[in-house]
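Asks: Okay, sequence plus prediction incoming.
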Amino acid sequence: MKPFRYERANDERGAVATLAATPGAKFLAGGTNLVDLMRLGVETPELLVDVRRLPYDRIEARDDGGLRIGAGVRNSDLAADLRVRRDYPALAEALLAGASGQLRNLATTGGNLLQRTRCAYFQDVTKPCNKREPGSGCPARAGEHRNLAIIGHSQQCVATHPSDMAVALAAFDAIVRVVGPAGVREIPLVDFHRLPGDTPERDTVLAREELIAAVELPPLPIAANSTYRKVRERASFSFALVSVAAAIDIVDGKIGDIRIAFGGLAHKPWRAYAAERSLRGAVADVAAFETAADAELAQAEPLRDNGYKVELARRTLVRTLVELTE
Ligand SMILES: Cc1cc2nc3c(=O)[nH]c(=O)nc-3n(C[C@H](O)[C@H](O)[C@H](O)COP(=O)(O)OP(=O)(O)OC[C@H]3O[C@@H](n4cnc5c(N)ncnc54)[C@H](O)[C@@H]3O)c2cc1C
Ligand code: SF4
């Protein structure tokens, strides 16, 4: 591992100022992704600014009935929070579907959002990869891409975003609260992660010196009837091939409000707006769920070896909605 300096941040302004003044600096939270990538030589920061002492470890009720989740809240604490389990169960389920108990005890809300892709070429510094080394090429396109993106990819990158938690947050219209040199800004979760386009090295719209302070969950009554379904190669310790977070509200046998997001399909958590539009006001039955899945997946552009994901996503969505409406 390349030698690096280490500092502990005592306040958010100081942390942001240090990052802004030090080109090779990065924030450190639980370290479960960043330190792994440093060991592999993928990340080579000159300075780590440890943000674990910042007062970001609380989950607070908002005046409007929503929740404010500090960026430092551990994944295990968030999954166990009674308000999350009662009012946003898909979020608790998504968290528990990720990693392992030990990792969730270290992993934080902010770090989870910024974890990097699991594309094997990205993690192997002996291989080209546009995300790690812009302009070097994307061997995954012609090579190993079975688990990679079917929607929104580009010639430059076909990676997927690995977070389970972010999929539930995308379905629930969460907002990411960020502190930067110019002050605070709020970014809708659905706009926080990017599609790769010509700059796959940028996973999100966040500037390097911007610090995630919190994730805001608005009040969303239908989220109480939500769930997260994850399809993966093993029952644990495995990333999603396809996942679905969904919430639904049935009024007089018809669908009132509905929220759907997919994981494992794209470079970002994929909010399924076309499927939602297709389902609002429809009778909640399998035929309507299949039509909605087809409406969303019409934009899929699978590669040579990952066409199976289109059918898998279709079936996963239908099964999830059946389960929510039984
Ligand atoms: C074996 C294994 C299996 C896993 N399986 C899953 C899985 O199935 N599903 C899943 O979703 N995840 C999985 N993970 C990933 C895990 O959830 C992430 O590693 C973890 O959430 C990252 O959080 P962290 O606090 O450790 O972040 P760190 O590793 O400390 O940081 C990650 C990134 O976030 C940045 N960062 C951290 N905090 C902030 C902040 N407040 N503001 C700005 N930048 C910040 C860091 O600079 C770094 O770039 C797995 C990890 C491992 C090792
Ligand atoms: S898919 Fe993206 S991360 Fe994977 S090799 Fe191509 S550029 Fe790199």
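Replies: Looks like it arrived, so ask away. Ligands and ions are numbered 1, 2, ... in the order given.

Asks: Name the residues of stretch 16-28 that are buried.
Replies: By neighbour count with 16 or more other CB atoms under 10 Å, stretch 16-28 contains the buried residues 16, 18, 19, 22, 25, 26, 27, 28. C-betas here are computed from N, CA, C, even on glycine.

Asks: Tell me who's in contact with the residue nearest to the fourth one when sequence neighbours are not counted.
Replies: Right, the one you point to is residue 22. Sequence neighbours aside, residue 47 is the residue nearest to residue 22 in space, at 5.2 Å (criterion: CB to CB, 6 or more residues apart in numbering). Taking CB atoms under 8 Å, 6 or more residues apart in numbering as the criterion, residue 47 is in contact with 4, 5, 6, 7, 18, 22, 24, 25, 26.

Asks: Closest one of these to ligand 2?
Replies: Distance to ligand 2 across the contacts of residue 47 (CB to the nearest ligand atom) is lowest for residue 26, with 18.6 Å.

Asks: for the closest one, which residues make a bridge with it?
Replies: residue 48 (DSSP bridges).

Asks: Please apply the same query to residue 260.
Replies: Applying DSSP bridges, one finds that residue 260 bridges with residue 246.

Asks: Just give me the closest of the buried residues of stretch 16-28 to residue 101.
Replies: Distance to residue 101 across the buried residues of stretch 16-28 (CB to CB) is lowest for residue 28, with 21.6 Å.

Asks: from what I can see the closest one touches residue 48, true?
Replies: Yes - Residue 28 is in contact with residue 48 according to CB atoms under 8 Å; the separation is 4.2 Å.

Asks: Which residues are in contact with each of those two?
Replies: 6, 34.

Asks: Look up how far residue 63 lies from the residue of the stretch 51-200 of the chain found nearest ligand 1.
Replies: Proximity of the stretch 51-200 of the chain to ligand 1 (CB to the nearest ligand atom) peaks at residue 111, 2.0 Å away. Note on residue 111: its distance to residue 63, by CB to CB, to the nearest Å, is 28 Å.

Asks: more neighbours, the two?
Replies: Between residue 111 and residue 63, counting by other CB atoms under 10 Å, residue 111 is the more crowded of the two (24 against 6).

Asks: residues touching the more buried one, list them.
Replies: Residues counted as contacts of residue 111 (CB under 8 Å, 6+ apart) are 29, 30, 31, 32, 33, 34.

Asks: Need the residues you listed in TSV (columns: secondary structure, pLDDT and neighbour count).
Replies: Shown next, in TSV, are the contacts of residue 111 (DSSP: H, G, I helix; E, B strand; the rest coil; pLDDT from 0 to 100; neighbours: other CB atoms under 10 Å):
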residue	secondary structure	pLDDT	neighbour count
29	coil	98	24
30	coil	98	21
31	coil	98	17
32	coil	98	19
33	coil	98	21
34	helix	98	21
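
Asks: ok, residue 181 - contacts?
Replies: The contact partners of residue 181, taken as CB under 8 Å, 6+ apart, are 16, 17, 20, 209.
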